[in-house]
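Colleague: okay, sequence plus prediction incoming.
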Amino acid sequence: MNCENCRECLRDATTHGGWPVLATRMVVCPTCGNKRCPHATNHELACTGSNDRGQPGSDYQ
């Protein structure tokens, strides 16, 4: 399933102008609003409600 909101689902997506979506959009967790939350990286991971670095599963480890 592609949620079209997490970094994993948007990794290969491009804008109408051909730019990578991840270069033009800041992706945050839809639950807590944190960019370092593992749920922002992959919709299958649980929301931790945290913006701390080093969270398992987050692109911002």
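Modeller: It's in.

Colleague: spell out the residue ranges of the strands in the chain.
Modeller: With DSSP state E, there are no strands along the chain.

Colleague: got the residue ranges for the helices in it?
Modeller: 7-10, 21-24, 38-41 (DSSP state H).

Colleague: by contact count, what packs against the first one?
Modeller: Using 3 or more C-beta pairs under 8 Å, 6 or more residues apart in numbering; DSSP states H and E as the contact definition, the elements that helix 7-10 packs against are helix 21-24, helix 38-41. Any C-beta I mention is one placed from the backbone N, CA and C, and that applies to glycine too.

Colleague: just the C-alphas of stretch 4-19, formatted as PDB.
Modeller: Extracted in PDB, the C-alpha atoms of stretch 4-19 (Å, rounded to 0.1, in the frame of the first residue of the first chain):
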ATOM      1  CA  GLU A   4       1.800   8.900  -0.400                       C
ATOM      2  CA  ASN A   5       2.600  10.700   2.900                       C
ATOM      3  CA  CYS A   6       5.700   8.900   4.300                       C
ATOM      4  CA  ARG A   7       9.300   9.100   3.100                       C
ATOM      5  CA  GLU A   8       9.300   5.500   2.000                       C
ATOM      6  CA  CYS A   9       6.200   5.900  -0.200                       C
ATOM      7  CA  LEU A  10       7.500   9.200  -1.700                       C
ATOM      8  CA  ARG A  11      11.100   8.100  -2.200                       C
ATOM      9  CA  ASP A  12      10.800   7.600  -6.000                       C
ATOM     10  CA  ALA A  13       8.000  10.100  -6.600                       C
ATOM     11  CA  THR A  14       8.600  13.200  -8.700                       C
ATOM     12  CA  THR A  15       6.700  16.500  -9.100                       C
ATOM     13  CA  HIS A  16       5.100  17.600 -12.400                       C
ATOM     14  CA  GLY A  17       8.300  19.400 -13.200                       C
ATOM     15  CA  GLY A  18      10.400  16.300 -12.600                       C
ATOM     16  CA  TRP A  19      11.900  17.200  -9.200                       C
END
